[in-house]
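> need coordinates for the below:
(one chain, ligands or ions: 2)
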Amino acid sequence: YDLRNEDLKELRELGQGNGGSVKLVEHTPTGTIMAKKIVLIDAKPAVRKQILRELHIMHDCHCPYIVSFYGAFLSDPNICICMEAMDKGSLDGIYKKIGPIDIEVVSKVALAVLEGLTYLYDVHRIIHRDIKPSNILFNSEGQIKICDFGVSGELINSIADTFVGTSTYMSPERIQGAQYTVKSDVWSLGISLIELALGRFPFSDSSSDDSDLSDLEGTLSPARPGSIALPPSRSLEERKREKDKRNKRKSKGHIVNEPAPRLTPEGRFPKMAEEFVDSCLLKDPDARQTPKQLLKHPWIDHARKSDFNLAEWASTF
Ligand code: ADP
Ligand code: MG
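Ligands and ions are numbered 1, 2, ... in the order given. Model (predicted):
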């Protein structure tokens, strides 16, 4: 495909992320339906071209567990990345709609993500770096595929500053500044699997607790009649940002210092599933296995042999 913005007809919005938005589009010359991700980047022309070059290797990623790539182009001040559209959306959207995901489906998710990660690393030496439910996509054929992996170092640099996420899937070693390895993705997979099985993020996400923010807002309420309203020393926005930073530090300290989350309550899920998640969430990266090693885990073996019909499951929502 020789992709140009004029040839892409917008059909609807698929979602919003930190760096931009994703739209369902039709490539009018060929009738191909695609997902167009628009990433706003703050980078010089030379860097933008470098990003495009780096994205090029996505053309060589052919794997049933990886979302296909149609191409990327510059559309000032954005970079547009066109990929396969997955009609059932991402797994976070699915559990928010239907509640906790059946553990049999979760086992298939684990299998698909491990296969995708193993392909990326063995064939292209790519580490994903952003495994989370919103980057695991599902379609009505019952396929599970990963997207948004870190192929472009320059792209990562150019959007990192705008990152304002609250829930963190980052491994303890990453939080402490160690080198990124394939094992960091395994940690993120473990957190994601618990989130899908429980239907909620496994860490108490302190940033979503805005109670003392409303206190902040309270201080901005109109002054009593007769008193002199003093302007607040700092804007509400500024204080919100500081609170957000504080919370991020708090939740990061939590991941490093507290025991890893588990698939609970005990006995609700198969033993093999509990054990698999525990091995993803070993805090010491040396003790944690690689995606390739985990493909041999009994629970993954079970998932491979399971005749659970994902296409049929997809037709229920
Ligand atoms: P994030 O992954 O942080 O949510 P993104 O900008 O990557 O942010 O994506 C926003 C949303 O768009 C995702 O949560 C997902 O639901 C949807 N989306 C992304 N890519 C696709 C795709 N190829 N097909 C269908 N939906 C997609
Ligand atoms: Mg994404």
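
> need the residues of the chain near ligand 2, please.
135, 148 (CB under 5 Å from the ion). Backbone N, C-alpha and C define where each C-beta goes, glycine included.

> in the chain, which spans are helices?
45-55, 91-98, 103-124, 153-160, 172-175, 182-198, 211-218, 236-257, 271-280, 291-294, 298-305, 310-314 (DSSP state H).

> which one of those helices lies nearest to Phe69?
Of all the helices of the chain, helix 45-55 sits nearest to Phe69, with 7.9 Å by CB to CB.

> before we move on, the earlier item: deepest-packed of the helices of the chain, please.
Across the helices of the chain, averaging neighbours per residue (mean count of other CB atoms under 10 Å) puts helix 182-198 on top, at a mean of 24.

> where does pLDDT dip in this protein?
Within the chain, the segments meeting pLDDT under 70 span 160-167, 205-234.

> contact partners for the residue most central in space within it?
Nearest residue to the geometric centre of the chain (CA atoms, centre = their mean): Lys132, 3.4 Å. Shown in contact with Lys132 (CB atoms under 8 Å, 6 or more residues apart in numbering): 92, 167, 169, 188, 191-192.

> report the two of the residues you listed separated the most.
Going by CB to CB, the pair spanning these furthest: Asp92 and Ser188, at 13.3 Å.

> pretty sure Arg48 sits against Ile79.
Yes. At 6.7 Å, Arg48 counts as touching Ile79 under the criterion of CB atoms under 8 Å.

> joint contacts of those two?
Ile41.

> next, work out how far apart Ile79 and Val39 are.
Distance, Ile79 to Val39, by CB to CB, to the nearest Å: 5 Å.

> and the residue nearest to Pro270 when sequence neighbours are not counted, how far from ligand 1?
Spatially, and ignoring its direct neighbours in sequence, Pro270 is nearest to Ile103 (6.6 Å; CB to CB, 6 or more residues apart in numbering). Using CB to the nearest ligand atom, to the nearest Å, one obtains 22 Å as the distance from Ile103 to ligand 1.

> the closest residue to ligand 2 within the stretch 101-250 of the chain: neighbour count?
Nearest residue of the stretch 101-250 of the chain to ligand 2 (CB to the ion) works out as Asp148 at 4.0 Å. A total of 22 residues lie near Asp148 under the criterion other CB atoms under 10 Å.

> neighbour count for Ile79 and Val39, which is higher?
The neighbour comparison of Ile79 against Val39 (other CB under 10 Å) goes to Ile79, with 25 against 21.
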